[in-house]
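Novice: Have a look; sequence and predicted model below, questions after that.
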Amino acid sequence: MKRQKRLAVLLAVLLVCIAGAYGISRMDFEEKMTGTETDIINVDSSDITHLAWNYDGDVAFTYTDGEWKYDADDAMPVDQEKLAGIAEDLSSVTSDKRVEDVSSLGIYGLDQPAYTLTVETADESWEISIGSESFTDGEVYISTGDEYVYLTDSELIDKIAYSLYDLVQKEEIPEMESIESVNIENGQSLNIQYKEDSGYCYSDEYTYFLEEGDAYRNLDNDNTRTLFEALSAFSWESCVNYNADDADLKSCGLDEPDASVQISYTDADGESGEFSYELAKADDTCYARLTDSQIVYTVSSDVYDAAVNASYEELKPDEVILLDWAAVDSIDIEMDGSMYTVEIESSGEDDEIEYTFTIDGREVEFMDVLDELSAITAAEDVEEEISLGSKKAELSLTFRRDTEDYGDVELVFYQYDGTYCIPVLDGEEMDPVNREDVVSLKEAVNSVVLAKEE
C-alpha cells in the first residue's frame, strides 16, 4: 500500500510539473507576441504565375500561355478551375500576431516545418513554412524567412490540401436526359433497348428489351431502369493515373476489362451522343477508364457490379403477367372443369380509368382478382431444377384483346407439386411460382363467381 501511495504522489507531482511547464511556456510565448497586423501575401490572383507546396508529396504549377501546367509533366491535364481557385485562396494571407524575439524556430515547429508553400508573381516571391498549431485554437505558426514568426489562420493548410491526382482534370460524364440503348460486354453481349409502344412483346407495358438478332425479349421495367441509372448517373471517385501505359493498365486489370459499357443517349438539348467506358477490379478496388483513354479512375463497386452482373437472368421480369387491363375486352377462365368469361368495359384515361366487369350479364367485383394476379411473381430461392414435363393444368386464363400487334394472350398455371406451380405464357415456360399464390387466386375467382350466383 505504501508503494502505491508513493507512486500516486509522484504521479501527482509530475502532472503539476507538466502543467506548470505548459503554463510557463505559454506565458513565455504570449509575452513575446505582439498584436501586429501583417499582410504576408496580398496580390491579385491573376498576377500569380507559380504555385508549389508539399501537402501530400511535392507539386509545382506554372501559369503560362493562358493555362496552368504541371512543372514535372506537361502531359498532365490540369484542372484549371481548381488551380485558379487555389491561386485565389493564396492571393491573400494575413497574420494578426507575430513573435518578434525568436530564440528558436524549433519551439514553433518551424525547424522542420510540416508544410512549405511557394507563391510567385512576375515581380515577387514568397516562401512560407508552416509549423505547429498555436495555443490559440485555429491558428498555426508560419515563417517567411525574415526575423519573425507569424500566426495565421490554420485554414491556410486547407488551402493547399491537394495531392497531385486531386488536381487532374477529370473527363466529363455527360448529363443524359434519356437513354436509347445500353450495350454491355461482360463475357456475354447484351444489347438492351428502351422503346415505348414497341410491339416487341405481348404487352406495351414493357419498355425495356434485350435484342437477340431479329428478336426481342422483354425485361423487368424497374430492374432495367435501375441498371441504366447505375451505369449512367455515377461519378469518378478519384484519379489514380493520368497517363497509364500498358503496364499500368495491366496492374489494375484494364488491359482485359471485366466489362465494357456503351450508352446511346440524348442530352437536354436533344443532341444524340455516345458514352463508353471499361471496368475492372484488382485488389478489391474497382477501376474504370473511358474507352481508349489513358486516365484511370476508381469508381463505386455499385457501378462495377451492375455492369459485370448484368444478364437476362438478372433482368427478366419477376411478374407472371403485365397487361394494360384497359386494352382487354374479356377474360376466359378455365378452372377445375368449369369455364367462365369475364367481360370488361373501361372508361377514363391514365390513373382515372374506371372498370366495369360482368359475368353472364351480371356485374361483379373483379379488380381484386386482377390485382392478385398482377402480384404473382417468381418464387425465390428455388433450389431444385424444375421443369414442366407432363403436369396438370390447374388454372387457365385467356385475355381477349383488340390490339394492332398482339391479340389474345394465354396464361396457364401447371401444378408441379404442393409447393410450386409452373406458369406458361403464350407457350413459353416461365420460372416457378409459389402454389399458395395460385390457390389464393383460384379462391378469389371462386368468391366472385359465388357472389354472382347469389
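Specialist: Ah, there it is. Numbers count the residues shown, from 1 in each chain.
Novice: buried residues in stretch 235-254?
Specialist: 236, 239-242, 244, 249, 252-254 (16 or more other C-beta atoms under 10 Å). In this view, the C-beta of every residue, glycine as well, is placed from N, C-alpha and C.
Novice: So which of these belong to strands?
Specialist: 239-241 (DSSP state E).
Novice: could I get those residues as JSON lines with distance to residue 186 and pLDDT?
Specialist: Shown next, in JSON lines, are these (distance: C-beta to C-beta, whole Å; pLDDT from 0 to 100):
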{"residue": "239", "distance to residue 186": "24", "pLDDT": "97"}
{"residue": "240", "distance to residue 186": "22", "pLDDT": "97"}
{"residue": "241", "distance to residue 186": "23", "pLDDT": "97"}
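Novice: Please convert these to CSV, extending it with distance to residue 101.
Specialist: Below are these laid out as CSV (distance: C-beta to C-beta, whole Å):
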residue, distance to residue 101
239, 47
240, 48
241, 50
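Novice: Name the nearest of the residues you listed relative to residue 404.
Specialist: In terms of C-beta to C-beta, no member of these lies closer to residue 404 than residue 239, at 52.0 Å.
Novice: pretty sure residue 61 contacts residue 67?
Specialist: No - if you go by C-beta atoms under 8 Å, residue 61 and residue 67 don't touch, sitting 9.9 Å apart.
Novice: which residues are common contacts for these two?
Specialist: By C-beta atoms under 8 Å, 6 or more residues apart in numbering, residue 61 and residue 67 have these common neighbours: residue 78.
Novice: These two: which is more packed in?
Specialist: Counting neighbours by other C-beta atoms under 10 Å for residue 61 and for residue 67 shows that residue 61 has the greater number, 24 against 12.
Novice: which parts of the helix or strand containing that one are buried?
Specialist: Element membership for residue 61 (DSSP states H and E) is strand 59-64. Of the residues in strand 59-64, those with enough neighbours to count as buried (16+ other C-beta under 10 Å) are 59, 61, 63.
Novice: Give me the contact list for the helix or strand that that strand is followed by.
Specialist: Later in the chain than strand 59-64, the nearest helix or strand by DSSP H and E is strand 67-70. Outside strand 67-70, the residues that touch it by C-beta under 8 Å, 6+ apart are 59-63, 76, 78, 80, 83-84, 164, 167.
Novice: Go again with 6 Å.
Specialist: Outside strand 67-70, the residues within contact range by C-beta atoms under 6 Å, 6 or more residues apart in numbering are 61-62, 76, 78, 80, 83.
Novice: And the contacts of stretch 111-123?
Specialist: The contact list for stretch 111-123 (C-beta under 6 Å, 6+ apart) reads 41, 43, 47-50, 52-54, 90, 105, 126-131, 160.
Novice: For stretch 428-442, list the C-alpha coordinates in CSV.
Specialist: The C-alpha trace of stretch 428-442 is given here as CSV (Å, rounded to 0.1, in the frame of the first residue of the first chain):
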residue,chain,number,x,y,z
GLU,A,428,-43.2,-20.1,-73.1
GLU,A,429,-42.4,-21.8,-69.8
MET,A,430,-41.6,-19.3,-67.0
ASP,A,431,-39.9,-19.5,-63.6
PRO,A,432,-41.9,-21.4,-61.0
VAL,A,433,-44.2,-19.5,-58.6
ASN,A,434,-45.5,-20.4,-55.2
ARG,A,435,-48.5,-22.7,-55.5
GLU,A,436,-50.1,-20.9,-52.5
ASP,A,437,-50.4,-17.8,-54.6
VAL,A,438,-52.2,-19.7,-57.4
VAL,A,439,-54.5,-21.3,-54.9
SER,A,440,-55.3,-17.9,-53.4
LEU,A,441,-56.0,-16.6,-57.0
LYS,A,442,-58.4,-19.5,-57.6
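Novice: Make CSV from the buried residues of strand 59-64 and add pLDDT and distance to residue 370 to it.
Specialist: Formatted as CSV, these follow (pLDDT from 0 to 100; distance: C-beta to C-beta, whole Å):
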residue, pLDDT, distance to residue 370
59, 97, 65
61, 98, 66
63, 98, 69
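Novice: nearest to residue 310, of the residues you listed?
Specialist: Nearest to residue 310 among those: residue 59, at 39.5 Å, using C-beta to C-beta.
Novice: Would you mind listing the outside residues contacting stretch 34-48?
Specialist: Contacts of stretch 34-48 with the rest of the structure, by C-beta under 6 Å, 6+ apart, involve 87-88, 91-98, 100, 119, 121, 126.
Novice: Give me the lowest-pLDDT entry from the residues you listed.
Specialist: Note: of the contacts of stretch 34-48, the lowest pLDDT belongs to residue 100, at 86.
Novice: what separates that residue from residue 107, distance-wise?
Specialist: Distance of residue 100 to residue 107, given as C-beta to C-beta, to the nearest Å: 14 Å.
Novice: Which one's more surrounded, the two?
Specialist: Between residue 100 and residue 107, counting by other C-beta under 10 Å, residue 107 is the more crowded of the two (18 against 11).
Novice: Double-check that the more buried one belongs to a strand.
Specialist: No - the assignment for residue 107, made by DSSP: H, G, I helix; E, B strand; the rest coil, is helix rather than a strand.
Novice: Contacts only, for it.
Specialist: When the contact criterion is C-beta under 6 Å, 6+ apart, residue 107 has no partners at all.
Novice: phi, psi of residue 301?
Specialist: Torsion angles at residue 301 (phi, psi; degrees, to the nearest 10) stand at phi -60, psi -20.
Novice: Below-threshold pLDDT in the chain: ranges please.
Specialist: In the predicted model of the chain, residues 1-32, 136, 405, 452-454 satisfy pLDDT under 70.
Novice: can you pull out the helices in it?
Specialist: Secondary structure of the chain (DSSP state H): helices at 2-32, 80-90, 155-158, 221-232, 246-251, 301-308, 312-315, 367-374, 435-453.
Novice: Let me see the domain layout of the protein.
Specialist: The record's domain split for the chain, according to automatic domain parsing, is 24-167, 178-315, 325-453.
Novice: any idea how far the nearest residue to residue 255 once chain neighbours are set aside is from residue 228?
Specialist: Sequence neighbours aside, residue 249 is the residue nearest to residue 255 in space, at 4.6 Å (criterion: C-beta to C-beta, 6 or more residues apart in numbering). Applying C-beta to C-beta, the value for residue 249 to residue 228 is 27 Å.
Novice: So residue 95 is in contact with residue 150, correct?
Specialist: Yes - Residue 95 lies in contact with residue 150 (C-beta atoms under 6 Å); the separation is 3.8 Å.
Novice: Which one of the two is surrounded by more residues?
Specialist: Taking neighbours as other C-beta under 10 Å, residue 95 and residue 150 compare with residue 150 leading, 24 against 20.
Novice: do you know how far that one is from residue 346?
Specialist: Going from residue 150 to residue 346 by C-beta to C-beta gives 80 Å.
Novice: Likewise for residue 163?
Specialist: To residue 346, residue 163 is 63 Å away according to C-beta to C-beta.
Novice: The two: who's more crowded?
Specialist: Set residue 163 next to residue 346 and count neighbours by other C-beta under 10 Å: residue 346 wins out with 16 against 13.
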